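Enquirer: let me see the structure of the following:
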Amino acid sequence: MKLNEDFDDEYDDPLSFNSGRKNTVGTAAVVAVLFILAAVVIVVLANRSQNDGSAARGGAKGTPAAASDWNPDPDATSVISGRTGVASDLDFWDAYPTPGAPTIAPSSNAAATPTPWGNKEEADEAEEEEKLSVSEDGLHTLVKNPDGTEEWLELNPYLSRNTYQASGFVYQKPFKYYYENNTKKSFVGVDVSKEEGYVDYNLLKQQGVNFVMLRLGQRGYSTGELSVDETFMDNYTRAREAGLDIGVYFVTAAINTEEAKEEADFCIQILAENEVYLNYPLALSTMQLGSGKARTDDLEKMTRTNNAITFMKAVENTGLFSMLYGDKATLLKKYSLGSMIGYDIWYAGTEDIPDYPYQYAMWQYDKGGELQGIGSGAHLNLCFIDYAIR
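Expert: Predicted coordinates:
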């Protein structure tokens, strides 16, 4: 196809256009201008409407008014030129949270979030009701810790509960007794160490004492050394001459089963060498002598438990009775009693009625009793078993 002359001329002179092209370009230019003007008008009108709405709502920044409060004046006018505000002053900038911006604290006049019970008084009442519920459910027991705090511990369903009736405990000065069907079912005892000084066992016998538990010895709570109570043999000799039944106890500070076995062997050896005859148990005492940190303070429950079992098993292998002594908090929190079924318990507690939930054989109920023949406060005990004929 051959190009005509006009076509060649148009491209020879880039500044020359034919009349048809000029008309098309002109029309396009007009349309573009009109479109731009329309867009400007729309933006101006939209901004005017926004500003009028803000003014009608009071213009509070960041505080949108309710729909019922928006009643713009149709006659109001707004002038874009001459405004001194900046973009951040427009309401819509506050309509969306800025990432990372701090949360605005609620007004001090805002209602406080209520507690689950509404207020502290109701919360305290709920806590007391919960404690009362736990105390009456028969599944927990209250323990008082050495630091004065209290806590409820869940009872072990596999351990036998004690069957002693509160009405069976009778105080007949200076001793406590236990009766069943108007028949006395308990025996009177005292426990003695060198701290009591000289004891007149004949006077104790005359006052109704049936048995005595003598401290045989102890392991140093910090040194770990084994020693015999300085008054043991003298107390044993005179108590036997007075006709009292006799048991002994050893204060443990074993930190492992090897030391527990060593303590048992130590006791057995002392008894054998001195031809000591016992018809009451050789008890393992958990009491701490002296003050300060003991080497057993950080022992885990199962370590203590295994130590006690090791000691008592070694004692019973010789044909002697054995038992574990301790207060309620010690026995329930520091020993796994479920692992010690079959061993007797010597419970220490000075309440009027014994507060130990499980079966026990002996109860030390007073550490300041008044008896003739003992210079200091007597440690009084009540035993439910006559080991002398067991």
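Enquirer: please pull out the lowest mean pLDDT helix or strand from the chain.
Expert: helix 5-12 (a mean of 38; mean pLDDT, DSSP states H and E).
Enquirer: so which residues of the stretch 201-350 of the chain form helices?
Expert: Secondary structure of the stretch 201-350 of the chain (DSSP state H, counting those that start in this stretch): helices located at 201-206, 232-241, 257-273, 301-316, 328-334.
Enquirer: got CSV for these, with mean pLDDT and mean neighbour count too?
Expert: Yep, even glycine has a C-beta here, placed from its N, CA and C like the rest. Below are the helices of the stretch 201-350 of the chain laid out as CSV (pLDDT from 0 to 100; neighbours: other Cβ atoms under 10 Å):
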stretch, mean pLDDT, mean neighbour count
helix 201-206, 98, 17
helix 232-241, 98, 17
helix 257-273, 98, 17
helix 301-316, 98, 20
helix 328-334, 96, 18
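Enquirer: between those, which one is nearest to Tyr221?
Expert: Distance to Tyr221, taken as Cβ to Cβ, is lowest for helix 257-273 among the helices of the stretch 201-350 of the chain, at 12.6 Å.
Enquirer: show me what that closest one is packed up against.
Expert: strand 211-219, strand 226-228, strand 245-251, strand 282-285, helix 301-316 (3 or more Cβ pairs under 8 Å, 6 or more residues apart in numbering; DSSP states H and E).
Enquirer: let's see 7 Å
Expert: strand 211-219, strand 226-228, helix 301-316 (3 or more Cβ pairs under 7 Å, 6 or more residues apart in numbering; DSSP states H and E).
Enquirer: for Phe169, which of the helices of the stretch 201-350 of the chain is the nearest?
Expert: helix 328-334 (16.7 Å).
Enquirer: elements contacting the closest one?
Expert: Right, helix 328-334 is packed against strand 140-144 by 3+ Cβ pairs under 7 Å, 6+ apart.
Enquirer: show residues contacting the helix or strand following the strand it packs on.
Expert: The helix or strand immediately downstream of strand 140-144 is strand 150-154, counting by DSSP states H and E. With Cβ atoms under 7 Å, 6 or more residues apart in numbering as the contact definition, strand 150-154 has outside contacts at 134, 139-144, 332.
Enquirer: rerun that using 8 Å as the cut-off
Expert: 131, 134-135, 139-145, 332-333 (Cβ atoms under 8 Å, 6 or more residues apart in numbering).
Enquirer: for the following helix or strand past that strand, buried residues please.
Expert: Using DSSP H and E, the helix or strand that follows strand 150-154 in sequence is strand 169-172. For strand 169-172, burial by neighbour count (16 or more other Cβ atoms under 10 Å) applies to Phe169.
Enquirer: for the helix or strand just after strand 169-172, list the C-alpha coordinates in PDB.
Expert: Once the chain leaves strand 169-172, the next helix or strand it forms, by DSSP H and E, is strand 175-180. Coordinates of each C-alpha in strand 175-180 appear next as PDB, following Å, rounded to 0.1, in the frame of the first residue of the first chain:
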ATOM      1  CA  PHE A 175      -3.800 -37.300 134.500                       C
ATOM      2  CA  LYS A 176      -6.000 -37.900 131.500                       C
ATOM      3  CA  TYR A 177      -7.700 -41.300 130.900                       C
ATOM      4  CA  TYR A 178      -9.700 -42.900 128.100                       C
ATOM      5  CA  TYR A 179     -12.900 -44.800 128.900                       C
ATOM      6  CA  GLU A 180     -15.100 -47.100 126.900                       C
END
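Enquirer: who are the packing partners of strand 175-180?
Expert: strand 169-172, strand 378-383.
Enquirer: figure out which of the ones you listed is closest to Pro357.
Expert: strand 169-172 (15.8 Å).
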